[in-house]
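Novice: Provided below for reference: sequence and predicted model.
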Amino acid sequence: MPGFSITLLLLPRPDEAAPYDATQILCFLDDVPDAPGWKWARSVPPDEVTFVSLPPSSNIAASGQLDRVFGTQNREGYLEAIRRACEAVSKAEPELTRMDRIAGDGDCGLTLMSGATSKRLGLFRETRAEVKKGILKRLEQGDITGEDVIQDVRVISEAINDAMDGTSGALYS
Amino acid sequence: MLIGFVCSIFFSSLAQGLYEKCPENNELADRAVWPIVLKSALVKLYTYTLARPPSRTLVDPLDAFVSTLQQDGASYQDAVQKAGEAVEATKYLTAKSGRAAYVDAETFKGVADPGAMGIQVILEALFLRVV
């Protein structure tokens, strides 16, 4: 086979509330499979897990209090527009899913909807330590205020990373 | 194309752009500011994906929206309309990236790209008055 691939897996930190800790997850990965056709298994015990601290991110989406504020022209209209967008995505979900079943893997609508509303169908969501909040939830909670657009976009960005699936979290920071 | 991935990069780049392009305290995020920061977020997104319009991905309407806003005198509604045309065009495009690039093009001829459609749903809800 030409080429190779590397898969990175973000393991939970020692202080993180997660259903399984890092060592358990690594043990699961190293477990000997009995699935037909899956012959290979690592035969040596996994290396000890070491955690490294990353330098503070320069990405402002992930950093703390900022020294500037960006207001909105029409606060009510702005908040209403965000709500409308979330609701529209939710409403469009069945149609997006239908379209994605034709050409994709059928998750496009649900992924968008979970980012918008934190609703999530599926097995894995219930096992999470906490419900991940989507944009609408953050809006209802008063985290998106219209007083500072930079802060609001950061909250939206955070909600997307929390509530949308897959690769989204990996690239963040 | 992975929609979570794109939204994540786009919005964190948007926050970064707003912060960097905002010259003074208490400025308003208005029609003069959004084209600049949206463009910077799109440019950032393009460092992560090779998809460029026309690609049958959500990049098509996103790029159309952001590019139209760069023109003086173009309204948000104009930009949303251009994005809508880009979505319509995905019905007859062969996918060059994303999941749809690996499946038989005949199976989805006439069906718009769902990611592109998702972007359009968001844009329309944001900028067009609901009746």
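Specialist: Now that the structure is in, tell me what you want to look at.

Novice: Tell me the buried residues in stretch A:146-165?
Specialist: Of the residues in stretch A:146-165, A:146, A:148-165 count as buried by neighbour count, 16 or more other Cβ atoms under 10 Å in any protein chain shown. Placement of C-beta: from N, CA and C, glycine included.

Novice: Among these, which ones are in helices?
Specialist: Mapping the buried residues of stretch A:146-165 onto helices (DSSP state H) picks out A:149-163.

Novice: A:V89: what's it in contact with?
Specialist: Listed by Cβ atoms under 8 Å, 6 or more residues apart in numbering or on different chains, the contact partners of A:V89 are A:L112, A:M113, A:G115, A:A116, A:T117, B:G118, B:V121, B:I122, B:A125.

Novice: what's the spacing between it and B:A74?
Specialist: In this view, A:V89 and B:A74 are 25 Å apart by Cβ to Cβ, to the nearest Å.

Novice: same deal with A:A22?
Specialist: Taking Cβ to Cβ, one finds A:A22 at 51 Å from B:A74.

Novice: between the two, who's got more neighbours?
Specialist: It is A:A22, of A:A22 and B:A74, that has more neighbours when counted by other Cβ atoms under 10 Å in any protein chain shown, with 19 against 16.

Novice: Verify the stated contact: that one with A:E48.
Specialist: No. A:A22 is beyond contact range of A:E48, at 10.2 Å (criterion: Cβ atoms under 8 Å).

Novice: for chain B, which helix is longest?
Specialist: Chain B, longest helix under DSSP H: helix B:3-21.

Novice: so, in contact with chain A or not, that one?
Specialist: Yes. Using Cβ under 8 Å from any Cβ of the partner chain, helix B:3-21 reaches chain A at B:3-5, B:7-9, B:11-12, B:14-16, B:18-19.

Novice: Show the subsequent helix or strand relative to that helix.
Specialist: strand B:27-28 (DSSP states H and E).

Novice: picking that back up, for B:K44, state which of the residues of helix B:3-21 next to chain A is nearest.
Specialist: Minimum distance to B:K44 across those is 6.7 Å, recorded for B:I9 (Cβ to Cβ).

Novice: That closest one contacts B:K44, doesn't it?
Specialist: Yes. Counting by Cβ under 8 Å, B:I9 touches B:K44, with 6.7 Å between them.

Novice: neighbour-wise, which of these two wins?
Specialist: Neighbours were counted for B:I9 and for B:K44 using other Cβ under 10 Å; B:I9 has more, 23 against 16.

Novice: For B:V59, see how far away that one is.
Specialist: B:I9 is 12 Å from B:V59, where distance means Cβ to Cβ.

Novice: so what's in contact with those two at the same time?
Specialist: By Cβ under 8 Å, 6+ apart, the residues touching both B:I9 and B:V59 are B:L45.

Novice: Verify the stated contact: B:L45 with B:I9.
Specialist: Yes. Judged on Cβ under 8 Å, B:L45 makes contact with B:I9 at a distance of 5.3 Å.

Novice: Would you write a PyMOL line that selects the buried entries of the contacts of A:V89?
Specialist: Buried residues within the contacts of A:V89, by 16+ other Cβ under 10 Å, are selected in PyMOL with:
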select buried, (chain A and resi 112+113+115+116+117) or (chain B and resi 118+121+122+125)
